[in-house]
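Engineer: Sequence first, then the predicted structure:
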Amino acid sequence: MSLTSFRQLYIAIILILSLGCKKGDSPLQQRSFYMGVTPWPADFTVAEVDTSYSFINSYCDIVSHHFDEGIPYEEAIKNSGVPVALQNDINYRLLKTASSKKIFLSVSALNLTRKEKSDYYSNSIVSDSIKNYWKQLDFDNPKIVTAYVNYISWLIDACKPLYINFGVESNNPLWEATAFIQYTNFINKVYAQLKTKYPSIPLMVSFIVDENEASLTNARKLLPYTDFIALSAYPYVTVSSSATGNTNPDLFPANYFEKFIQLDVSKPLAFAETSYIAEPLSIPSYNLQKDGTEEWQDNYLKKILDLCQSHNAKFLIWFCSKDYDGAVARMKQQGLYQDLFGFWKDTGLKDENGRERKAMRRWMEWVAKAKG
């Protein structure tokens, strides 16, 4: 039996098993939303990259091509051509992604703090003086706007996405007031230009789900520049119910997600990125000590799947399909590791050995539903 046939048989078995659910359930019910992951691999090897794309091509109908490696400002402002490393990255992603898969293009204008302008593209070969020039420009400087619009246009024209997130995690509650005003001006100008250039493609900025009132306030200020309410949610890190380390999703505060959804009920819901730990998380440098179990991960996935269905969401992106212990070890060996990279290490639908977790079976059940 071929691998493709085996996967088709596996999906059929999942459907048959689901017929055993209690009376009143609808195992053949359609889902309103696309389901997908990023191509983030379990390790930076050809084999594991292939594994990540195999998951996408077999068990997803959308992929999140997420670009978060900085902006080639000088090349973009001159429109002198895509840097070779970036073009190779784009080509590789498209080569590995089955042509039948929808693409969600997710691009960050911010660095990893999510409250500062993105650094220069890491694989550019321009001089330090050029990088320093761009670093000192204000966020809403017309040159920054033009460079970013040109950069993201390169990605749009190459990837032909169904949806575009042009402002990943834009509502950080820790923004300095003046800097956030500049960022909002930037987002306003970028949105207007992209909307004119690509009128048929929904554009969005994504909102970090957080209980800090400033998160909602900042999101509210950005509402005019997003077509969707696109959420970025990793509740196990900050949710108040996990203060003692217990990350059981049943303990989430009431309306944890709904308060963001209700910012504008006329706009469709999407999960631009989310996931949940299936093992304990310990990062002393961030004062993080959280419990995690397969059951809680599965319960969380159920919660957001049900939420997406009840709100007729457009898509759901789970961050990674497989735990990336190998990638963490490799980054440590090469001196590239930051503790921040450990936040999502154990959030895969499969563990680092490829064993399917309970959430994987739930994922399969929902992927088998027809996309309405």
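Structural biologist: Now that the structure is in, tell me what you want to look at.
Engineer: quick one, helices of the chain?
Structural biologist: In the chain, the helices defined using DSSP state H lie at 3-18, 46-59, 73-78, 84-96, 128-135, 142-159, 177-197, 213-222, 235-238, 258-261, 294-310, 325-333, 358-367.
Engineer: I'd like to know which of the ones you listed is closest to Ile229.
Structural biologist: helix 258-261 (5.8 Å; Cβ to Cβ). Every C-beta, even on glycine, is put in place using the N, C-alpha and C of the backbone.
Engineer: circling back to that earlier point, compare the helices of the chain and say which comes out lowest on pLDDT.
Structural biologist: The minimum mean pLDDT among those belongs to helix 3-18 (a mean of 38).
Engineer: wouldn't Thr247 be in contact with Ile277 here?
Structural biologist: Yes: between Thr247 and Ile277 there is a contact under Cβ atoms under 8 Å: 6.7 Å.
Engineer: overlap in contacts of these two?
Structural biologist: Tyr236, Lys290, Gly292, Trp296 (Cβ atoms under 8 Å, 6 or more residues apart in numbering).
Engineer: buried subset of those?
Structural biologist: When the shared contacts of Thr247 and Ile277 are checked for burial by 16 or more other Cβ atoms under 10 Å, the buried set is Tyr236, Lys290, Gly292, Trp296.
Engineer: And the furthest pair within those?
Structural biologist: Lys290 and Trp296 (10.1 Å).
Engineer: which neighbours do those two share?
Structural biologist: Listed as contacting both Lys290 and Trp296 by Cβ under 8 Å, 6+ apart are Thr247, Ile277.
Engineer: Need the shared contacts of Thr247 and Ile277 in a markdown table (columns: distance to Val209).
Structural biologist: What follows is the shared contacts of Thr247 and Ile277, written out as a markdown table (distance: Cβ to Cβ, whole Å):
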| residue | distance to Val209 |
| --- | --- |
| Tyr236 | 12 |
| Lys290 | 16 |
| Gly292 | 18 |
| Trp296 | 17 |
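Engineer: Pick the one among those closest to Phe319.
Structural biologist: The nearest member of those to Phe319, counting by Cβ to Cβ, is Tyr236 at 12.2 Å.
Engineer: For that closest one, give me its contacts.
Structural biologist: Tyr236 makes contacts with Ser242, Thr247, Tyr276, Ile277, Leu281, Lys290, Gly292, as judged by Cβ under 8 Å, 6+ apart.
Engineer: again, but for Phe257
Structural biologist: So Phe257 contacts Val209, Leu231, Ala233, Ile304, Leu307 (Cβ under 8 Å, 6+ apart).
Engineer: Pull out the buried residues from those residues.
Structural biologist: Val209, Leu231, Ala233, Ile304, Leu307.
Engineer: which residues touch the fourth one?
Structural biologist: Residues in contact with Ile304, defined by Cβ under 8 Å, 6+ apart, are Ala233, Phe257, Phe271, Thr274, Leu316.
Engineer: Save the residues you listed as TSV, and put in distance to Thr38 and pLDDT too.
Structural biologist: Formatted as TSV, these follow (distance: Cβ to Cβ, whole Å; pLDDT from 0 to 100):
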residue	distance to Thr38	pLDDT
Ala233	15	98
Phe257	21	98
Phe271	12	98
Thr274	11	98
Leu316	12	98
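Engineer: Cross those residues against strands and list the overlap.
Structural biologist: Using DSSP state E, the subset of the contacts of Ile304 located in strands is Ala233, Phe271, Thr274, Leu316.
Engineer: beta partners for the second one?
Structural biologist: The residues listed as beta-bridge partners of Phe271 by DSSP bridges are Leu231, Leu316.
Engineer: Kindly tell me how buried Pro173 is, as a neighbour count.
Structural biologist: 16 (other Cβ atoms under 10 Å).
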